[in-house]
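**Student:** structure, please.
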Amino acid sequence: MENLKFARQCSVTSEGMNEGWVFGDGEKYAKYEHDAWGLASDYGYESIDDAFDNDACYYTEWEDDYQYQLVDGKLIEIED
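**Tutor:** Predicted coordinates:
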C-alpha cells in the first residue's frame, strides 16, 4: 500500500491536508470549515468571511509541496 502524502498538518485535528484554510500566514491551518470557524473566532473574528476580508486567512490547495506522510496510521514529517 502506498503511503499518503500531505502538504500541511491541520492545527485542530492533526490530520494531513492538501487543501484548507491558512491563518496568520501559516501560523495555523484548518482542514475542515467548521474548524476554520473556530480559528477565526480565536483570532477575534465573527466569521471566516470576516477573517478573510481582513486578510487574516485564506483558502488554498497545495500541489507537490509534500511535508508530511501517513505511515502505519501516523502522520510524520518528511525529511529531506
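**Student:** could you pull out the helices in the chain for me?
**Tutor:** Ranges of helices in the chain, per DSSP state H, are 33-42, 48-53.
**Student:** put together TSV for these, with mean pLDDT and distance to Tyr59 on each row.
**Tutor:** All C-beta spots, glycine's among them, are computed from the backbone N, C-alpha and C. Formatted as TSV, the helices of the chain follow (pLDDT from 0 to 100; distance: least, C-beta to C-beta, whole Å):
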stretch	mean pLDDT	distance to Tyr59
helix 33-42	96	8
helix 48-53	96	8
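**Student:** quick check: Ile76 touching Gly16?
**Tutor:** No: here Ile76 does not reach Gly16: they are 9.8 Å apart, not a contact under C-beta atoms under 8 Å.
**Student:** what's the overlap in contacts for the two?
**Tutor:** Here Ile76 and Gly16 have Tyr68, Gln69, Leu70 as joint contacts, going by C-beta atoms under 8 Å, 6 or more residues apart in numbering.
**Student:** now, which of those sits nearest Asp55?
**Tutor:** The shortest approach to Asp55 among the shared contacts of Ile76 and Gly16 belongs to Tyr68, at 26.3 Å (C-beta to C-beta).
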